[in-house]
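Undergrad: coords please:
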Amino acid sequence: MHFLQLPQFTRAVRCSKPVAETAGVIMQNIVYVLLFLTTLIWGGNAVAGKLAVGHVSPFMLTTLRWILAVLILLPFAIRPLRRDWPVIRKNLPLMAVLGVLGFTLFNASFYTALNYTSAVNVSIEQGAIPMVIIALNFLLFRIRATALQLAGFVLSLIGIALTASHGDISRLAELDINTGDLFMLLAVVFYGTYTVALRFKPDVHWLSTITVLATSALLASLPFVAWEHASDRLILPDTQGWLVVAYTALGPSILSQVLYIRGNELIGANRAGLFVNLVPIFGTLLSIAILGEVFEPHHAIALVLVFCGIGLAEYSGRKAASMSARVRASVD
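TA: All right, here's what the predicted structure looks like:
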C-alpha cells in the first residue's frame, strides 16, 4: 500500500459532499501532523550537529548517517525497488541530483555551520528555506505568491537577517557575517532548491524514493570525506559521535524525509515548505534546554517575526486552497 494514500480516500467519498468535506479536513489535519513531526526532528538535528562538534567531523558525520540509513532501508526497500526499477532507471540522474542537493550538500553545509556558530542561530536561519522555495517557484514556474505570503516572506526575511547579523542588521551591509552563518545560508539554498525540484520526482513507492536518494547522498559524500582526510580535518566518531550518527540516520535521514516528501505531495511545495519555519522554534527551544545556549533579545524578536511569517503565509495558502476546492465542487 502506498504511504498514506489520503487523496484516494478523499476521491472515494466525493459522492457525498459532507463526508468529502470531513475527509478533506481529516486529511489536512494529518498533513499538519506529518509536517509538525518533520520539523520537530529537524529541530533536534541542529542540537545533534552541535553535539557532534569535536566528536565526529562534519563530512564524516554526513557519510556515516547515510551509510547507516541505507543499511536500515535496504531490507524493506528491495521489493519496491525491483518493481519500480524501470521507472527509477529512466529518472536516475534526476533522483541522484535530488539526493545530492537535499541530503549531501545541505547536510555537509549544515554540520559545517555548527562548527562556527550556535545551534540557535542555525535553527532560526533554517527558516529562510520557504523564502527560497517561493522565489524559485516564481522564477522557474511563474507560481505567484499571494499578498499575505509575500508579507510572511518579508517578516521571515527580517527575522533571518536579524539572526545572521547577531542583532545588528547594519553588519549585513558590511558583509560582516560569521562563517557559520554563511555556511547555513548556503545550506538553505541547497534545501530550498531540493524542495522545488521534488515536483519532478517520479511516481514510485516512497521506500524506493528514499532509498535511491539516500544511496545517491552516500556516494556523493565520499569525495567530501576524502578531502577531510587529506586536509587532516577528519575526526572519527567516539561514543557521543556514534550516538549523534544513530539519531541523524534514524530521524533526519529517514523518518523526517519520508514525512516531508509526503507532505509535499499532499499540499504542494509552497505550503509544505512554510512549515520549515517551525524548525527555528523547536531548534531554539531544544538548544536552550539541552545545550544550555544563551537566548538573546534579538533571537526572541526573530522568532516572533518568523512565526508571524508562517502564520500569514499558511493562512493565505489555506484560503486559496479552499477557494479552489469550492470552484472545483461547483464545476462538478
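Undergrad: only C-alpha atoms for contact and neighbour calcs from this point on.
TA: Noted.
Undergrad: residues in contact with residue 184?
TA: Residues near residue 184 by C-alpha atoms under 8 Å, 6 or more residues apart in numbering: 109-110, 113, 122, 125-126.
Undergrad: change it to 7 Å
TA: When contacts are counted by C-alpha atoms under 7 Å, 6 or more residues apart in numbering, residue 184 touches 109-110, 113, 122, 125.
Undergrad: which one in the residues you listed is the model shakiest on?
TA: Model confidence across the contacts of residue 184 bottoms out at residue 125, which has 81.
Undergrad: helix or strand: which one has that one?
TA: Element membership of residue 125 [criterion: DSSP states H and E] is helix 119-125.
Undergrad: restricting to C-alpha, output that helix in CSV.
TA: The C-alpha coordinates for helix 119-125 follow below in CSV (Å, rounded to 0.1, in the frame of the first residue of the first chain):
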residue,chain,number,x,y,z
ALA,A,119,22.6,25.9,17.2
VAL,A,120,20.1,28.7,18.0
ASN,A,121,21.4,30.7,15.0
VAL,A,122,21.4,27.7,12.7
SER,A,123,17.8,26.8,13.8
ILE,A,124,16.5,30.3,13.1
GLU,A,125,18.3,30.7,9.8
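Undergrad: about what we covered before: would you mind giving the contacts of residue 184 as JSON lines with neighbour count and distance to residue 283 added?
TA: Formatted as JSON lines, the contacts of residue 184 follow (neighbours: other C-alpha atoms under 10 Å; distance: C-alpha to C-alpha, whole Å):
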{"residue": "109", "neighbour count": "22", "distance to residue 283": "17"}
{"residue": "110", "neighbour count": "26", "distance to residue 283": "13"}
{"residue": "113", "neighbour count": "28", "distance to residue 283": "14"}
{"residue": "122", "neighbour count": "32", "distance to residue 283": "8"}
{"residue": "125", "neighbour count": "29", "distance to residue 283": "10"}
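Undergrad: hang on, the earlier thing: centre of the chain versus the helix holding residue 125, how much separation?
TA: Helix 119-125 sits 14 Å away from the centroid of its parent chain (C-alpha atoms, centre = their mean, to the nearest Å).
Undergrad: returning to what we had before: as TSV, the contacts of residue 184 with distance to residue 51 would be great.
TA: Below are those laid out as TSV (distance: C-alpha to C-alpha, whole Å):
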residue	distance to residue 51
109	16
110	13
113	13
122	13
125	19
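Undergrad: quick one: which of those is nearest to residue 243?
TA: residue 110 (18.0 Å; C-alpha to C-alpha).
Undergrad: element containing that closest one, please.
TA: helix 106-113.
Undergrad: show me what that helix is packed up against.
TA: helix 58-90, helix 179-197 (3 or more C-alpha pairs under 7 Å, 6 or more residues apart in numbering; DSSP states H and E).
Undergrad: deepest-packed of these, please.
TA: helix 179-197 (a mean of 22; mean count of other C-alpha atoms under 10 Å).
Undergrad: remind me what the next helix or strand after that one packs against, helices and strands.
TA: Scanning forward in sequence from helix 179-197 by DSSP H and E, the next helix or strand is helix 206-230. Counting contacts by 3+ C-alpha pairs under 7 Å, 6+ apart, helix 206-230 is packed against helix 58-90, helix 92-99.
Undergrad: list the contacts of the residue nearest to residue 186 when sequence neighbours are not counted.
TA: Nearest in space to residue 186, with sequence neighbours left out and distances taken as C-alpha to C-alpha, 6 or more residues apart in numbering, is residue 109 at 6.8 Å. Contacts for residue 109 (C-alpha under 7 Å, 6+ apart) come out as 183-184, 186-187.
Undergrad: could you rerun that using 10 Å?
TA: The contact partners of residue 109, by C-alpha atoms under 10 Å, 6 or more residues apart in numbering, come to 58-59, 62, 180, 182-188, 190.
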